[in-house]
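S.K.: Need the 3D shape of this:
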Amino acid sequence: MMPTPFDQLLAAAREEREPQRLLFVFVSAELPDDATEAERQRFEENAGGSLKPVLCVDKLPEELSDFAALRDESARTGVAWDLLFAAALPGQGGITPNADDAEQPLKMMVSAIETGNIGRFLAFDCNGQTVDFY
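M.R.: Here you go, the predicted model:
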């Protein structure tokens, strides 16, 4: 089986000189109640709507074998999601960032996604494939 772009991200994080902690925000795509017909059409074509963060987690690259492992873990929460945003938090001086170090950056990611500032994050679909936004 070919590695997904997400799996390539894991491999790259493992190879970084400084240890990494990966930050993940899972989102659902929603259509506002007051959406226009054009917005509804775009949403049906998977090209519109708004993104609502529904779950977030931080992981060391070594804690995940591949995308399927993260997807399976998220499924056990019972929270449905459509896209996954990812970022990396680098360590310093060989010290790996801990979960407490990740709390504020995760909150910042959630806020950025809520306001549509997603350009600095990698986005993946439910199969671990990258998603581009236009």
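S.K.: what residue lies at the spatial centre of this protein?
M.R.: Centroid-nearest residue in the chain, with Cα atoms, centre = their mean: Phe85, separated by 2.0 Å.
S.K.: and it, what is it in contact with?
M.R.: Contacts here follow Cβ atoms under 8 Å, 6 or more residues apart in numbering; on that basis Phe85 touches Phe24, Val25, Phe26, Val27, Met109, Ile113, Ile118, Phe121, Leu122, Ala123, Phe124. All C-beta atoms are positioned from the backbone trio N, CA, C, and that covers glycine.
S.K.: pretty sure the fourth one is in a strand, no?
M.R.: Going back to what we said before, that points to Val27. Yes. Using DSSP: H, G, I helix; E, B strand; the rest coil, the assignment for Val27 is a strand.
S.K.: Can you spell out which residues form a bridge with the closest residue to it other than its chain neighbours?
M.R.: Of all residues not flanking Val27 in the chain, Leu51 sits nearest, at 4.4 Å (Cβ to Cβ, 6 or more residues apart in numbering). Judged by DSSP bridges, the bridge partners of Leu51 are Ala29.
S.K.: okay, and the helix or strand of the protein with the least pLDDT?
M.R.: helix 37-44 (a mean of 82; mean pLDDT, DSSP states H and E).
S.K.: And the contacts of it?
M.R.: Ala29, Leu31, Pro32, Ala35, Gly48, Gly49.
S.K.: Apply 7 Å and report the result again.
M.R.: Leu31, Gly48, Gly49 (Cβ atoms under 7 Å, 6 or more residues apart in numbering).
S.K.: again with stretch 112-121
M.R.: For stretch 112-121, using Cβ under 7 Å, 6+ apart, the contacting residues are Val25, Val27, Leu51, Pro53, Phe85, Ala86, Ala87, Met109, Phe133.
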